[in-house]
Structure formats: C-alpha cells, structure tokens
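1. Have a look at this fold, sequence not included:
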C-alpha cells in the first residue's frame, strides 16, 4: 500500500526496527511511499539507494558527550564535519547533533554559549555543502536524565545565536510532550527554528493510535500550515506487527 501524496514528507527511524533487516525495511518503506530512513550509517547507504530512498538524518556523535562541554568539542566537531561531508557527497539533507548532558560547573546558560561557539565552527561547512545540522530536543524527565537541550525555548535561543539557516532543531514530538507539552502552540511559535521532526505515541513511545494522548492529524496540520518542507520521521517502538503499525502511522500523518 502506497500512501497518497500529502503535505508531509515522511520517513522512519531505522533503530526502531531492530528485528527487521534494513533491506526489508527499505523495501517496505518505499512501497509505503516514504522518502527515506533516519539514522542509517553511511556504510549502509547502498541499501537505501538500491530502493530509491535517502538517509533523511545522518548520525554523528553520541548523545551524552555533546557540545555543551568544550572538552568534547574536538571529537564532536570532527564527527559532525565528517558527517556533513559524506552527507553532501550523497546529496542527502541533514546531520544530527546533541547538546550533551548537564555537568557540574556548566549551567544551562554556559552550556548554551558553549554550544553556540561549537556550532559556529562547523556551520560554515554546512552552508558550503548545503547540509542542515539539527540538534535534537530530548526529554530529561524519563529517557535522557540530565540532557541539556530539553526545552524548545533553550534550543530556539541557540538557533538564534548561531544565526544560520543551516542550523536548526530536531523537534521530537514524543520527547517534548513528555517534557513540556503544548506541542502545537510551540511548533507554531518556533517553526522557523525547526528543521526536522520525530514522532511517537505518548505515553510509552509506541504506536500513533487511539491508545495515546496526542492527536497527530492536528499536529501534522500545524506543521504543514507553518510551511514546513522537511521530513517527519516515525520513531516509535512497535508493540504489534511493525509494518502494519508503520503503515497506520503514515496514514494518520498524511494530511
């Protein structure tokens, strides 16, 4: 079943389907009308290309040891820079990055400044290569204790300080509902700072269906209405037939 064309360009995160080979996932994703798959390592991109898909978000460095600590800048920026280069060479759009966790002596304001310094060192390459670097918003209440980029206002402030169209936020709808709620209003307020989205049901990070509290059709209409032209990637962990759940999610978000 191929989804009808809508205003939302959809993809899926590979890690959620650990019991499904990438080849099978890519084949089904293509049949369902998806544009690509998130978080696939470059060494596996040949599988995506075989099925006419792209990598919609390229991995880079680890979540916990991120850009809020200058001690991590060398390693993180090396990985981000390499990811930008290989992503551009493939003609793909995005590279992920992370703030890192809170640490003693690094307040949220100091971490914000450190992140801005780091991103400014690599964003010129991103501009030159037409790749967007996206810092992910994650909740620190349940899944990632101590993570610093856990509020949209903090992330949007970082985007303003960097001041480049090639640095945006990855707004994870599941994480931000857990952390701060008010999803649709937040998306409308900060639409210009957001370059990519992830989905999942709340609570539990499972299917987008009637068992969870978010109404995804309204959220997708808000995203589309804000003029978003990037990708929305499904990042829920299936509890039933994974391909049926993915197909359902695609239909729900096809507005």
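-> That came through fine. Since this is a predicted model, take the numbers as computed values, not measurements. Numbers count the residues shown, from 1 in each chain.

2. So for this structure, which residue is the most central one in space?
-> With distances taken as C-alpha atoms, centre = their mean, the chain has residue 170 as the residue nearest its mean C-alpha position (4.2 Å).

3. Assign that residue to helix, strand or coil.
-> Three-state assignment for residue 170 (DSSP: H, G, I helix; E, B strand; the rest coil): strand.

4. which residues touch it?
-> Residue 170 makes contact with 57, 96, 134-137, 194-198, according to C-beta atoms under 8 Å, 6 or more residues apart in numbering. From N, CA and C alone the C-beta is placed, and that goes for glycine too.

5. Flag every buried residue along stretch 74-81.
-> Across stretch 74-81, burial judged by 16 or more other C-beta atoms under 10 Å covers 76-77, 79-81.

6. Quick check: mean pLDDT of that stretch?
-> In this model, stretch 74-81 has an average pLDDT of 98.

7. who wins for neighbours among the contacts of residue 170?
-> Top of the contacts of residue 170 by neighbour number is residue 57, holding 31 neighbours under the definition other C-beta atoms under 10 Å.

8. Under the pLDDT cut-off, which ranges of the stretch 1-150 of the chain? List them.
-> Filtered on pLDDT under 70, the stretch 1-150 of the chain yields the residue ranges 1-5.

9. that older thread, name the nearest of the contacts of residue 170 relative to residue 175.
-> Sorting those by how near they are to residue 175, with C-beta to C-beta, puts residue 137 at the top with 5.9 Å.

10. Spit out the contact partners of that closest one.
-> Taking C-beta under 8 Å, 6+ apart as the definition of contact, the neighbours of residue 137 are 149-152, 155, 169-172, 175-176, 179.

11. and what of residue 82?
-> Neighbour list for residue 82: residue 60 [criterion: C-beta under 8 Å, 6+ apart].

12. Equivalent analysis for residue 178, please.
-> 139, 141-143, 202-203.

13. re earlier: of the contacts of residue 137, select the buried ones using a ChimeraX command.
-> The following ChimeraX selection, which keeps only the buried ones among these, applies the criterion 16+ other C-beta under 10 Å:
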select :149,150,151,152,155,169,170,171,172,175,176,179
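
14. how many neighbours does the nearest residue to residue 42 once chain neighbours are set aside have?
-> The shortest distance from residue 42 to any residue that is not its chain neighbour, by C-beta to C-beta, 6 or more residues apart in numbering, is 4.9 Å, and that residue is residue 86. The burial metric for residue 86, expressed as a neighbour count using other C-beta under 10 Å, is 19.

15. Confirm that residue 86 lies within a strand, as I assumed.
-> No: Residue 86: not assigned to a strand; according to three-state DSSP it is helix.

16. Tell me where the stretch 101-250 of the chain has strands.
-> Ranges of strands within the stretch 101-250 of the chain are 132-136, 167-172, 194-199, 231-234, based on DSSP state E, counting those that start in this stretch.

17. can these go into a markdown table with extra columns for distance to residue 186?
-> Conversion of the strands of the stretch 101-250 of the chain to a markdown table gives the following (distance: least, C-beta to C-beta, whole Å):
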| stretch | distance to residue 186 |
| --- | --- |
| strand 132-136 | 15 |
| strand 167-172 | 8 |
| strand 194-199 | 9 |
| strand 231-234 | 15 |
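
18. Out of those strands, which gets nearest to residue 45?
-> The closest of those to residue 45 is strand 231-234. By C-beta to C-beta, the value is 15.9 Å.
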